[in-house]
Structure formats: C-alpha cells, structure tokens
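[1] quick one, structure for this:
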Amino acid sequence: MTESGQEREPRLSVEQGADKGDLRVPRAPGEGVRGGRWADRGRGERLRGPLRGGPASAMLLDTVDRPRSQRPPDLRPLLERRPAPFEALPPAARQQLLLEAARHGLLSVVAPRLPEGDPALRARFERLAQGALLADARLREVLEEALSALSAIGVVPVALKGPVLADRIYSAPALRPSGDLDLLVAEEELERAAAALIERGFRRADPLVDAYQRRRLHHLHLGRSPGPDVELHFTPQSAFGARFPAAELFARSLLFRTGSGTPVRVLAPEDELVTLAVHAAGHLFERGGWILDLVLFLERHPGLLGSVIRERSGAFRCRRSLAYALRRAASLGAPLPSGSPLALDPLRRSMCDRLSRFSPSRHGRWGALVQMAFQMVLRDRALGAIALVGHEAFWVVRRRAHLAARSLTRRRPPAEDRGR
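    The predicted structure is shown next:
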C-alpha cells in the first residue's frame, strides 16, 4: 500500500545477465485467476497457443481485444531483436506492440528492450509476464506428471517444442508460452502410453476424431480439465505430406534432463531443425514465436551441416517447406547451415509469400482453404497435393454425417414414448 491507500503495481525483476534470465515475480496484491478451465479463447478473438488458457489467458482477457479490421503492429523489429523497438513509437502504439508481442509469444524478446521512463508500459509487461510465469509453472508441473506416468511403464519419450526446447535455446525460458505438451513415443508404445496417461485423468477424443488423428495427423490428443492437454505423437509432423520415421529419430535422439532431473529425450539437432521448420510452415508462421524458435535454434547450433539437412529433408519429404521456412528465418538474420542452401523456385516462393499473409485463425473457413493451398504449393510430391484435397473432402463429409447421425439419435424419443 502507498500512503494514499492505493495498491502498488507488482514489480518484475529481470536479471538480463543471468544465463537463464532469472525472473522473480510476486503475485499482484488481491489479484486472482479468473476462469476455472484451460480455455481456448478470451473475449473478442481467439488465443491460439500463446498464453492460452488458465492463469495466463486470464491476465490477457481484457487486453487482447483488437478489431479484426485493425492492422496489427509490425513485429519485425522484435523478431530481428533490434536494440530499441519501442523508442520511436507513441504511447498507444507501444501498448499495442506489447500486446501483439504477448499474443505471439515474444515476451522474452520484449523483456530486455523495455524503454526507460515508461512506467505504464513496464507495469503492463509485468502483468503479462506474471501470467506467462504462472502458465509455465503449470505446464512444467503437468510435464513432470506425464513423464512420471510414462516412466512407470518403461517409456522415455522425446519432448517436442514446449518447455524442454525453451530451456535449451531461450535466455528466459519461462516466457516462451506453450498451449499444450507434445511428447513423441514409438508407434508400438502409443496405446500403452495413452493408457498410462488416461490413468492420470486424461481423456481421448471421440472415436471418429481419434481415428482421424491416427490416419491423417501425427498425434493423439489427450485432454484434461484443467489443462494443459497432452499431444501424444507417433511422428513429429505430418504437414506437407512429410514422413518422419520415428524409429530413426529415436535412434539418433539425445538424453536430456528437466530442471527437476527427470530424464527425457530430445531430437538430434538436424532432425529437430527440420521438425521445427515444418511445424512453423504448417501453421503459415501464424505465431511469431515459432519463427523465433527457428532463429534461436539456428544461432544455438551454428555448426549444422547443410548436406545432412538436405539429405534428411529429402528422406522426410519436406524439402520445399524446409527451404521456405529457412528463408523466412534467414530474412531475420538467422545463420543458415553450412553448404549449399536449399532453394525454392521464384514462382512457388511468391505464391507462398502471398498465402502466408493470411491468418487461418482470423479468416475462418477462408483461412482453412488458404492453409490447404499453402500446403499444396509446398508439397514435395505433386500427387500428394491432389490426394490432400480428396482426403480432406472425404473426412469433412464423414465427420458431418457422423455429427448429424449422433444429433438425430439424441433427439429420438424412447420406444415407450413413441408407442403412445
């Protein structure tokens, strides 16, 4: 309390010289967490991933609203990590840039670049950072629980993205948000691993969605309230028709220990670079944090060999998507692997540049069509692009028929009532 009886703003201490970005955030006086579930959206627009659900999105509910017609702030100065991205902006524009950075998972870039003499901006950053730290603590708690459940049945998974990636490439790992946990297991261990997590209270999707995930995607989605959810992967990615042989990835993977000492595996650097690139491209680079992952990963691994990456991306059927993603990272100053870089023809590159301007989460059905077109353009095999359209149409029709049949079944009166 101040002498006037008003409560002080919570202060965030960031030791920029510390190796892991030591952030100490006290809980704001009288500030609780609104909402009892790990929600997907706030008021006004969806929160896709960054600070999604639970305490973090509760911090953002009153701050992320932006009219769809309003042009978002330019995040390039933050992604390029320029020394003073806020200095030339008026106060209102500074606030908008900060909120857009939070929505894209870029608070770790903002932390050392806050301007001096702007207490309102710093106070808002501290509130957003506090939400991020609370969400990160919950995420790590569930990660340890999931690893413990899998360890009990003799399974040590590969951690994809998430807090394990943040611990290895970010200076302030807790400020890299994740909406869920991604764990890769061998396909023959998938059902056992899912059963172990179900014993901890997680639930699988309905049978049709479950079948679709097994046949067309790359993971099983296991949900629990409150979240975060766990995505149990049997292959790292499936975008662009990529084929990642899980057995080879496990054979090359490396052992890593979490902050509490729990063993988990991580992909070999060349494999991890390819999966991060395909993941970011598969989502049309919609979140700036995914591009930042690529940039920081390339900076942390400057000795990667281009010849090895080209060979593996060819075997994984994702050369084009990797080439486009690396081009985007290079435009932000990321060092590319040594050797001849992967190339993408100018026409295909121009088409992708135009398509990637759309945001699937902000353009509804049109966004989904744009995302499908983007994947068709970057598929390594032409027949795969044609098959993509046919598969998507088939599953949409089947899903709608299933929902309609289930709705009719629920509305149908009991037999004794129909006979009266």
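[2] and after the helix or strand Leu98 falls within, which helix or strand comes next?
    If you go by DSSP states H and E, Leu98 is part of helix 91-103. Going down the chain from helix 91-103, the next helix or strand is helix 107-110, by DSSP H and E.
[3] could I get the average pLDDT for that following helix?
    Per-residue pLDDT over helix 107-110 has a mean of 96.
[4] how about the following helix or strand past it, which residues are buried there?
    Toward the C-terminus, helix 107-110 is succeeded by helix 119-151 as the next helix or strand (DSSP H and E). Under the neighbour-count criterion of 16 or more other C-beta atoms under 10 Å, helix 119-151 has 121-122, 124-136, 138-140, 142-147, 149-150 buried. In short, each C-beta sits where N, CA and C put it, glycine included.
[5] output the contacting helices and strands for helix 119-151.
    helix 54-60, helix 91-103, helix 107-110, helix 162-169, strand 180-184, helix 190-198, strand 263-266 (3 or more C-beta pairs under 8 Å, 6 or more residues apart in numbering; DSSP states H and E).
[6] taking helix 162-169 as reference, get the angle to it.
    110 degrees (axes from the mean of the first three to the mean of the last three C-alpha atoms, to 10 degrees).
[7] which element follows helix 119-151 toward the C-terminus?
    strand 158-160.
[8] pull the residues that contact that next one.
    Residues lying outside strand 158-160 but in contact with it, judged by C-beta atoms under 8 Å, 6 or more residues apart in numbering, are 143, 165, 181-185, 233, 236, 249-250, 253, 256, 264-267, 275.
[9] can we see that at 10 Å?
    143, 146-147, 164-165, 167-168, 181-186, 218-219, 231, 233, 236-237, 246, 249-250, 253-254, 256, 258, 264-267, 271-272, 275-276, 279 (C-beta atoms under 10 Å, 6 or more residues apart in numbering).
[10] out of the helices and strands packed on helix 119-151, nearest to Pro72?
    Evaluated over the helices and strands packed on helix 119-151, closeness to Pro72 peaks at helix 91-103, with 5.4 Å, by C-beta to C-beta.
[11] next SSE downstream of the lowest-mean-pLDDT helix or strand in the chain?
    Lowest by mean pLDDT, DSSP states H and E among the helices and strands of the chain is helix 54-60, with a mean of 32. Going down the chain from helix 54-60, the next helix or strand is helix 76-79, by DSSP H and E.
[12] what's that next one packed up against?
    If you count contacts as 3 or more C-beta pairs under 10 Å, 6 or more residues apart in numbering; DSSP states H and E, helix 76-79 packs onto helix 91-103, helix 107-110, helix 288-300.
[13] list the buried residues for the last one?
    Applying a neighbour-count criterion of 16+ other C-beta under 10 Å, one finds 288-298 buried in helix 288-300.
[14] looking at the residues you listed, which is nearest Arg204?
    Nearest member of the buried residues of helix 288-300 to Arg204, counting by C-beta to C-beta, is Trp290, at 26.6 Å.
[15] returning to what we had before: selecting buried members of the contacts of strand 158-160 in PyMOL, what would you type?
    Buried members of the contacts of strand 158-160, defined by 16+ other C-beta under 10 Å, are picked up in PyMOL with:
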select buried, resi 143+146+147+164+165+167+168+181+182+183+184+185+186+218+219+231+233+236+237+246+249+250+253+258+264+265+266+267+271+272+275+276+279
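[16] okay, the buried residues of helix 288-300 in CSV with pLDDT next?
    Below are the buried residues of helix 288-300 laid out as CSV (pLDDT from 0 to 100):
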residue, pLDDT
Gly288, 93
Gly289, 95
Trp290, 95
Ile291, 95
Leu292, 96
Asp293, 97
Leu294, 96
Val295, 96
Leu296, 97
Phe297, 97
Leu298, 96
